[in-house]
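A.B. asks: Sharing a sequence plus its predicted fold:
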Amino acid sequence: MRFFSLRANTSGLRSSAVSIAVLLCCFAFVQTAGATPQNSDPPHAPCLRAELPASSGQTHPSAAEHAVTPAASTEAYSQNEKGIAAITEQPSDLQAAYQWFEKAARKGYAPAQVNLAITYSQGWGTARNDGAVLYWLALAANQGNERALFNLGQLYLQGCGVPRNYPEALHLFRQAAEKGETAAQINLGYMYDHGLAVPKDQAQGAAWYKKAAAAGEPQAQFNLADLYVRGEGVAQNDVLAFQWFQKAALQGHDGARVMLGAMYASGRGTHKNLETGYVWILSSDLEGDPRTQTYAAGLERQLSPAQLERARMRARLLGPAGHVELALLY
């Protein structure tokens, strides 16, 4: 699950026309749906926003790991897979998914317990139930399941179904992060970066961002690039900032696309190219943000009609997922 709240960017990047220091707020934290406190959530808002479960991330359990007989272990795995298929097939059968996940979860299979918690969070095939979300996540977390540890940390972070508790969230994120859960590594890095439930230590924050960034997480890549731009927790380095913004931008991260455009337009960390900078600004879904529009307008005044037409075509080719031939980017 990948959910985000806002972090202001005060990097001070400048193009020849407009300061990027007040350009926009950018995502920086893996969070829960809506990124709002529990008492301001709309009625019945789910505690967790789900991404469809992926069977590729779930391995066949051993009896020793889950304290069940080999036969029950095999059966639970199969039932969980059937639940995943019920969700991912078209049309989805959410009630069947809920029933399969429940069968497997009651046999002690941690991935199914996480999936069952999500069905309760979303109201998939059953009524929403925050208590059931907490119950099943706690069972899976007690088995050391990293996704359960991360999601349980989300509940304590947001105060969703439990009292908000930053130290407990930190503890859970750390456990998940050490097991390789990249979303937890981002959140743990953020908590160090901003001194939440721990003394502020941006070097530690950068270290955790790097782990998730190296694993291909665009949010971590963006956060790490932001630190390199500002020289916080790492030595200031425009070239590395550009490279990490580019990695995130190519995966469709909107904030990274805007920052990459700003770096091209100003010639920071790369050769100056106003047209390419404008391409990346246009390709972002943040184009409608008034501050982004102001920045883009400053670039438009410096480009010829032919350059503007070419840039708009290139931005369309980039698309929301960043799939484009690299030759078009330069």
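C.D. replies: Nice, thanks for sending it over.

A.B. asks: D285: neighbouring residues, count only.
C.D. replies: 13 (other Cβ atoms under 10 Å). Quick note: C-beta positions are derived from backbone N, CA and C, even for glycine.

A.B. asks: Hmm, D254 and it touching each other?
C.D. replies: Yes: using Cβ atoms under 8 Å, D285 is in contact with D254, at 4.9 Å.

A.B. asks: Could you find the closest non-adjacent residue to R310?
C.D. replies: E275 (6.9 Å; Cβ to Cβ, 6 or more residues apart in numbering).

A.B. asks: Now that neighbour: which helix or strand?
C.D. replies: helix 274-283 (DSSP states H and E).

A.B. asks: if we look at that helix, which residues are touching it?
C.D. replies: 15-16, 249, 257-258, 260-266, 287, 292, 295-296, 299-300, 302-303, 307-308, 310-312, 314-315, 318-319, 322, 329-330 (Cβ atoms under 8 Å, 6 or more residues apart in numbering).

A.B. asks: got any ranges where this protein has weak pLDDT?
C.D. replies: 1-46, 49-72, 287-288, 320-330 (pLDDT under 70).

A.B. asks: pull the longest helix from this structure.
C.D. replies: Ranked by residue count and defined by DSSP state H, the top helix of the chain is helix 70-88.

A.B. asks: Would you mind listing the buried residues in that one?
C.D. replies: 72-73, 75-77, 79-87 (16 or more other Cβ atoms under 10 Å).

A.B. asks: just checking, what packs against that helix?
C.D. replies: Here helix 70-88 touches helix 63-66, helix 94-106, helix 110-122, going by 3 or more Cβ pairs under 8 Å, 6 or more residues apart in numbering; DSSP states H and E.

A.B. asks: One more pass at 6 Å, please.
C.D. replies: helix 63-66, helix 94-106 (3 or more Cβ pairs under 6 Å, 6 or more residues apart in numbering; DSSP states H and E).

A.B. asks: Would you point to the one among those that's packed deepest?
C.D. replies: helix 94-106 (a mean of 22; mean count of other Cβ atoms under 10 Å).

A.B. asks: now that one and helix 110-122, what's the angle there?
C.D. replies: Relative orientation of helix 94-106 and helix 110-122, computed by axes from the mean of the first three to the mean of the last three Cα atoms, to 10 degrees: 140 degrees.

A.B. asks: Kind regards, and thank you for your time.
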